[in-house]
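# The amino acid sequence is not available; the structure is as follows:
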């Protein structure tokens, strides 16, 4: 019998994470590396594990992730979003719990573009009256 795998895509800032969840021993692999190797900061690993801990499924599912773009924090947020979406595909009853915590909401904040005549998006050059 083939093992059932649930896939979903998560996004945050400029990061895109393709997440696959299957039943297993609780291993999380990010870009073919263990999570502890890929994310060295404990806070980022905690962000990724939040949806799994919330539903009480710690150590029950193997998670494989392919993530690209952005920085470490954006990637962690994208992975959390993808895991949450995949869990709702697996069990629709979890949707309310995950939505209440805000894990299913895509964080829409993006970097504002630089404007011409300015130093950045909003910073201006120093004004001189004379």
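Now that the structure is in, tell me what you want to look at. Bear in mind that the values here come from a model prediction, so they are computed numbers and not experimental data.
# contacting residues for the spatially most central residue of the chain?
In the chain, the residue lying closest to the centroid (Cα atoms, centre = their mean) is residue 78, at 2.1 Å. Residue 78 is in contact with 10, 11, 12, 13, 15, 16, 17, 67, 70, counting by Cβ atoms under 8 Å, 6 or more residues apart in numbering. Heads up, the C-betas are built off the backbone N, CA and C, glycines and all.
# which residues of the protein score low on pLDDT?
When residues are selected by pLDDT under 70, those of the chain lie in 1-2.
# Tell me, how many residues neighbour residue 25?
8 (other Cβ atoms under 10 Å).
# Next secondary structure after the longest helix belonging to the chain?
Criterion DSSP state H: the longest helix present in the chain is helix 72-90. Taking DSSP states H and E as the definition, the helix or strand that follows helix 72-90 towards the C-terminus is helix 95-101.
# returning to that earlier point: any chance of TSV for the contacts of residue 78, columns distance to residue 36, neighbour count and secondary structure?
Putting those into TSV (distance: Cβ to Cβ, whole Å; neighbours: other Cβ atoms under 10 Å; DSSP: H, G, I helix; E, B strand; the rest coil) gives the following:
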residue	distance to residue 36	neighbour count	secondary structure
10	20	25	strand
11	24	19	strand
12	21	24	strand
13	23	18	coil
15	19	22	strand
16	22	19	strand
17	17	29	strand
67	15	20	strand
70	20	18	coil
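# With distance to residue 116 as new columns, can the residues you listed be given to me in JSON lines?
As requested, these are arranged in JSON lines below (distance: Cβ to Cβ, whole Å):
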{"residue": "10", "distance to residue 116": "34"}
{"residue": "11", "distance to residue 116": "29"}
{"residue": "12", "distance to residue 116": "28"}
{"residue": "13", "distance to residue 116": "24"}
{"residue": "15", "distance to residue 116": "28"}
{"residue": "16", "distance to residue 116": "29"}
{"residue": "17", "distance to residue 116": "34"}
{"residue": "67", "distance to residue 116": "33"}
{"residue": "70", "distance to residue 116": "25"}
